[in-house]
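Asker: For reference, the sequence and a predicted model appear below.
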Amino acid sequence: MDSLPTSGRLTVITGPSGVGKGTLVAGLLQRHPALWLSVSATTRTPRPGEIDGQHYFFLSRPDFEAQVAGGGFLEWAEFAGHLYGTPRAPVEAQLAQGRPVLLEIELEGARQVRRTFPAAFQLLIKPPSFEELERRIRGRGTDSEEAIGRRLARARQELTAEAEFDAVLVNADLDAALRELELLLGFCDAV
Ligand SMILES: Nc1ncnc2c1ncn2[C@@H]1O[C@H](COP(=O)(O)OP(=O)(O)OP(=O)(O)O)[C@@H](O)[C@H]1O
Ligand SMILES: Nc1nc2c(ncn2[C@@H]2O[C@H](COP(=O)(O)O)[C@@H](O)[C@H]2O)c(=O)[nH]1
């Protein structure tokens, strides 16, 4: 592994559901284990294989709302009928220790982080086409037809926000996108 160029820096990775954020981030963490990925809280139910505390903290809506009221989230938003939020304390602790932190969140949350952490690096991941995005969401096989419809409708909105971001990456070929992601995050010897 190369040396860490982004110590203590906050990076926000946003993009439509199914574009491949999670896949890219998993590849990045495998190559650069010193990066720290925030585990979000959500009110949606776990997908098969998802583990509480590892993929998400799965909360009831009242418990999530209590955390909102107590200021426990760095940001939070409603997405496709469910609530999602970034627990504040662990992110602040990791940044204070000088560790580079990744948030993988949707657009409204990214906008909130832009206000509270203006120095954060904000990256938008785009699909090569809308048709390919739909193929990926369907191919994942995790969402109902209704959920797919909601996610695609939201994707259309999110893809209009390109100008708000520090960088935009098209996830067409996975290996090429991963290399580009490394370069954007400052892993200079990634190529
Ligand atoms: N470059 C790529 N080419 C083809 N398929 C891809 C590529 N990147 C990711 N995928 C596939 O697309 C699907 C969606 O990917 P993934 O779950 O990582 O998306 P996501 O953006 O994290 O979605 P969500 O925000 O809903 O969690 C997965 O089946 C994944 O294997
Ligand atoms: N604003 C936030 N968005 C989040 C957070 N954690 C995940 N997400 C985003 O939600 C959608 C849907 O995720 P899924 O796992 O149900 O497919 C996706 O865009 C995620 O990036 C969060 O803490 N805050």
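Answerer: Yes, it's here. Ligands and ions are numbered 1, 2, ... in the order given.
Asker: What parts of this structure come near ligand 1?
Answerer: 15, 17-23, 136, 139-140, 171, 174, 177 (CB under 6 Å from any ligand atom). Using the backbone N, CA and C atoms, a C-beta is placed for each residue, glycine as well.
Asker: Kindly present those as TSV, with separate columns for pLDDT and secondary structure.
Answerer: Compiled in TSV, the residues of the chain next to ligand 1 are given as follows (pLDDT from 0 to 100; DSSP: H, G, I helix; E, B strand; the rest coil):
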residue	pLDDT	secondary structure
15	97	coil
17	94	coil
18	95	coil
19	97	coil
20	97	coil
21	97	helix
22	95	helix
23	97	helix
136	97	helix
139	94	helix
140	90	helix
171	98	coil
174	98	helix
177	98	helix
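Asker: Closest one of these to residue 68?
Answerer: Lowest distance from residue 68 to the residues of the chain next to ligand 1 (CB to CB) belongs to residue 17, with 21.9 Å.
Asker: This structure: strands as residue ranges?
Answerer: Assigned by DSSP state E, the chain shows strands spanning 10-14, 36-37, 41-42, 57-58, 73-79, 82-87, 101-104, 121-126, 167-170.
Asker: Report the contact partners of residue 80.
Answerer: 17, 147, 150-151, 154 (CB atoms under 8 Å, 6 or more residues apart in numbering).
Asker: For residue 168, grab the count of nearby residues.
Answerer: Residue 168 sits with 13 neighbouring residues when counted by other CB atoms under 10 Å.
Asker: cool, and residue 77?
Answerer: 18.
Asker: Repeat that for residue 100.
Answerer: As a burial measure, residue 100 scores 21 neighbours (other CB under 10 Å).
Asker: Can you report phi and psi for it?
Answerer: Torsion angles at residue 100 (phi, psi; degrees, to the nearest 10) stand at phi -70, psi 130.
Asker: Quick one, grab the pLDDT at it.
Answerer: Turning to residue 100, the model gives it a pLDDT of 95.
Asker: Quick check, it in contact with residue 33.
Answerer: No - in this structure residue 100 lies outside contact range of residue 33 using CB atoms under 8 Å: 11.3 Å.
Asker: hmm, back to that, mind giving me a markdown table with the contacts of residue 80 and columns for neighbour count?
Answerer: Below are those laid out as a markdown table (neighbours: other CB atoms under 10 Å):
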| residue | neighbour count |
| --- | --- |
| 17 | 22 |
| 147 | 16 |
| 150 | 16 |
| 151 | 19 |
| 154 | 17 |
